[in-house]
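In: Sequence first, predicted model second:
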Amino acid sequence: MPAVFPGVGLPALQFLHQNRSILLHGHEPLDTDSTPTLEGEAWLMHHNYLQVEGAANLHLVPPAGALLSIGFAKIKGGAGGLARLVAVC
């Protein structure tokens, strides 16, 4: 793994969810963080927040005011799965 890996640090996740009241965040990297314990992933799951990993074209979505529609199939017994995101701006 490279020394510098894109991702979201735990302090940023906590700030966004606790101070900005977001329920879901999306990011382009395939993982929230690259810490050995996946502390960001663990914090999100233990606090019932959602995340979208591997999202593309996020630069085309405005920072505020977009409606996000997420369609996905729940896989029985699974913790996640594929999804299609559509932003209505």
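Out: Thanks, I have the structure now. Numbers count the residues shown, from 1 in each chain.

In: For L23, grab the count of nearby residues.
Out: L23 has 8 neighbours, counted by other C-beta atoms under 10 Å. Just so you know, the C-beta spots here come from the backbone N, C-alpha and C atoms, and that holds for glycine as well.

In: tell me the pLDDT at it?
Out: As predicted, L23 sits at a pLDDT of 84.

In: Tell me which residue is most central in this structure.
Out: Q51 (2.8 Å; C-alpha atoms, centre = their mean).

In: and that residue, what element?
Out: strand 50-53 (DSSP states H and E).

In: what does that strand rub up against?
Out: Strand 50-53 has contacts (C-beta atoms under 8 Å, 6 or more residues apart in numbering) with 23-27, 29-32, 44, 70, 83, 85.

In: Could you provide those in CSV, with additional columns for secondary structure and distance to P62?
Out: Shown next, in CSV, are the contacts of strand 50-53 (DSSP: H, G, I helix; E, B strand; the rest coil; distance: C-beta to C-beta, whole Å):
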residue, secondary structure, distance to P62
L23, coil, 18
L24, strand, 16
H25, strand, 15
G26, strand, 13
H27, strand, 16
P29, coil, 21
L30, coil, 24
D31, coil, 25
T32, coil, 23
L44, helix, 24
I70, strand, 17
A83, strand, 20
L85, strand, 14
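
In: which stretches of the chain form strands?
Out: In the chain, the strands defined using DSSP state E lie at 24-27, 50-53, 67-72, 83-88.

In: Make TSV out of the ones you listed and add distance to L60.
Out: Listed next are those as TSV, based on distance: least, C-beta to C-beta, whole Å:
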stretch	distance to L60
strand 24-27	12
strand 50-53	15
strand 67-72	12
strand 83-88	8
